[in-house]
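> Got a sequence here, can you build the structure:
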Amino acid sequence: NPETIGYCQSMNLLAAVCLYYLDFNEENTFWMLASLVERHVGYYARSMCGLKVDQNVISDLVSYFEPRLSDHVLGLGVRCDTFTVPWLMCLFVDQPIAFAEVKHIWDHLFCRGNELLFGTIIAILRLKKQQIMEATQYEDLMQ
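Purely as a prediction, here's the structure:
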């Protein structure tokens, strides 16, 4: 719907993955991309209000489940959304998960909905917790 959804750079990555896994069938790719953008992830609305709400939820979840990690990151002057926005916008295609694993996340996303994204982000942060806790400045976190 062009009245509510705007183009975001990450859509090119979503379209590329759809094309790849759907054997370059353009029509099926269009419908899968439309499903991702319109039904499963409301991040592409012109206001990006869905993304903003989910970023607040993620911050709260990280504070609740990983309070030391949250405090450390905030102590470096960095908010979680600094690195989680790109993860959500491209549904982990570009980072921080290996491309071969992305299809499994997407399968679960179609079956279970956006709640899966929150658990995935918490799991990624837990896997990278030692690296994050060793960071002493912003640049260390962004590697």
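
> remind me, longest helix of the chain?
With secondary structure taken from DSSP state H, the chain has its longest helix at helix 49-65.

> quick one: contacts of the next helix or strand after that one?
Sequence-wise, the next helix or strand downstream of helix 49-65 (DSSP states H and E) is helix 67-75. With Cβ atoms under 8 Å, 6 or more residues apart in numbering as the test, helix 67-75 has contacts from 59, 62-63, 79-80, 125, 129, 132-133, 135, 141. The way it works is simple: take the backbone N, C-alpha and C, and place the C-beta from them, glycine included.

> quick revisit: what does the longest helix of the chain contact?
41-43, 69-70, 73, 79-81, 84-85, 88-89, 114, 117-118, 121-122, 125.

> Which of these fall within strands?
Judged by DSSP state E, strands contain none of the contacts of helix 49-65.

> Please pick the buried ones from those.
41-43, 69-70, 73, 80-81, 84-85, 88-89, 114, 117-118, 121-122, 125 (16 or more other Cβ atoms under 10 Å).
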